[in-house]
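K.L.:
Sequence first, then the predicted structure, then my questions.
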Amino acid sequence: MIIDVHAHFYPRAYMEAIGRTDVPSPIAAPLGPQSIGERLELMNSLGIDRQVLSVSQAQPYLDGASDAAKAATLVNDLYDELCHAHPGRFAIFAALPLPHVDEALAEIERVGENPHVVGFTIGCSVNGLQLDDELFEPIYGELNQRGTTLFLHPVGQTDVAFLKDHNLAWSVGATFEDTAAALRLVYADVPARFPHMNVIVPHLGGTLPFLIDRLARKGSDATIAGLRSFYYDTVSGSVDALNCTCHAFGKDRLLFGTDYPFCDAREFAGHLNYLRDSELGDDNINLVQGLRAGALLGLS
């Protein structure tokens, strides 16, 4: 069983509802023009059984609470329709209408028992608010009570001065977002206070594996324990980076991902194939490719 935990889908009706018809662009997302049929053919060619869909940077973070709630409902329902149309091929990390907490809690209640919903997604920041803001405590509390999964994803912070040009917001800024969001959760004791909420950090944890010794020297045992409580998806393509993540957090914290459609067909295959060039070994590869995600997300 192979499960891709980091894949995206952008229904046109939803993108129009949030005013984000620019995402994904053909340049940034080579596989963006593919139909669902073509997507499934590509998955089949590599033996990928299922993708867990999320909205990536196109979060329903609208100013009006009602507008945000309607947008989240729309995309989650469109994802659900896709799951029904192709049984067993897709699952959902549901979107939340943040920063509107009451509406977000209502959406968790609405879709939380849907068997296609295996967790929820949140941006590495929410309209400028960081994930350690006390505003989000009720969200973490509810997800913890449900024992479900929270999938983080960068939002593309182009308003940061040193990331404004040369596509730096995505080429490197995304990994900085991953790094900062995970550390903020740890420094706010979120893993310790909400131990039943599983957190997935994308892109091998951004720069965290490279910085683990520095963080250990300047932080505490609790900092490292918190980081090692998270899961990390394998979206990278760098064998050295993957091996570094194995050493920093352990082979048992890795989950397979592709970041579809932000790759071409060769890169899509490479996200799977490069696992075999790493230090994982066959038994761990099987776990990383899908058995661990299956157990974590309740997918068979």
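P.N.:
Received, thanks.

K.L.:
Point me to the helix or strand that includes the residue sitting furthest away from the middle of the chain.
P.N.:
Distance from the C-alpha centroid of the chain, by C-alpha atoms, centre = their mean, peaks at residue 217 (28.5 Å). Assigned by DSSP states H and E, residue 217 belongs to helix 208-218.

K.L.:
After that helix, which helix or strand is next?
P.N.:
Beyond helix 208-218 in the direction of the C-terminus, DSSP H and E gives the next helix or strand as helix 221-227.

K.L.:
List of residues touching that next one?
P.N.:
Identification of contacts with helix 221-227 by C-beta atoms under 8 Å, 6 or more residues apart in numbering yields 182-183, 185-187, 189-192, 205, 208, 212, 215-216, 248-249. Glycine gets a C-beta too; all of them are placed from N, C-alpha and C.

K.L.:
how about a cut-off of 6 Å?
P.N.:
Residues outside helix 221-227 that contact it (C-beta atoms under 6 Å, 6 or more residues apart in numbering): 186, 191, 215, 216.

K.L.:
what's the average pLDDT for the helix or strand harbouring the second one?
P.N.:
Using DSSP H and E, residue 191 sits in helix 190-193. For helix 190-193, mean pLDDT is 98.

K.L.:
Then stretch 167-183?
P.N.:
On average, stretch 167-183 scores 92.

K.L.:
repeat for stretch 77-95
P.N.:
Here stretch 77-95 scores 98 as its mean pLDDT.

K.L.:
Off-centre distance for that stretch?
P.N.:
Using C-alpha atoms, centre = their mean, to the nearest Å, the mean C-alpha position of stretch 77-95 is found 16 Å from that of the whole chain.

K.L.:
end-to-end on it?
P.N.:
End-to-end distance of stretch 77-95 (C-alpha to C-alpha, to the nearest Å): 10 Å.

K.L.:
So which bits of that stretch are buried?
P.N.:
The neighbour-count check on stretch 77-95 (16 or more other C-beta atoms under 10 Å) flags 78, 79, 80, 82, 83, 89, 90, 91, 92, 93, 94, 95 as buried.

K.L.:
cool, stretch 129-142 as well?
P.N.:
Going by neighbour count (16+ other C-beta under 10 Å), the buried part of stretch 129-142 is 131, 132, 136, 139, 140, 142.

K.L.:
re the thing from before, and the average pLDDT for the helix holding residue 217 is what?
P.N.:
Averaging pLDDT along helix 208-218 gives 93.

K.L.:
which residue packs closest to residue 88, ignoring adjacent ones?
P.N.:
Distance criterion C-beta to C-beta, 6 or more residues apart in numbering; nearest residue to residue 88, sequence neighbours excluded, is residue 50 at 6.7 Å.

K.L.:
returning to what we had before: buried set for the helix holding residue 191?
P.N.:
Within helix 190-193, the residues scored as buried using 16+ other C-beta under 10 Å are 190, 191.

K.L.:
returning to that earlier point: farthest-apart pair in the contacts of helix 221-227, please.
P.N.:
Of all pairs drawn from the contacts of helix 221-227, the greatest distance, 16.2 Å, lies between 191 and 216 (C-beta to C-beta).

K.L.:
quick one: the residue nearest to residue 88 from residue 298, how far?
P.N.:
Separation of residue 50 from residue 298 (C-beta to C-beta, to the nearest Å) stands at 12 Å.

K.L.:
Likewise for residue 122?
P.N.:
Distance of residue 122 to residue 298, given as C-beta to C-beta: 20 Å.

K.L.:
What of residue 96?
P.N.:
Distance from residue 96 to residue 298, by C-beta to C-beta: 20 Å.

K.L.:
which of the two has more neighbours?
P.N.:
Neighbour count, other C-beta atoms under 10 Å: between residue 96 and residue 298, residue 96 has more, with 31 against 14.

K.L.:
Contacts for the helix or strand of the chain with the lowest mean pLDDT next, please.
P.N.:
Between all helices and strands in the chain, the lowest mean by mean pLDDT, DSSP states H and E belongs to helix 168-171, at a mean of 84. Applying C-beta under 6 Å, 6+ apart, the external contacts of helix 168-171 come out as 156, 157, 158, 163.
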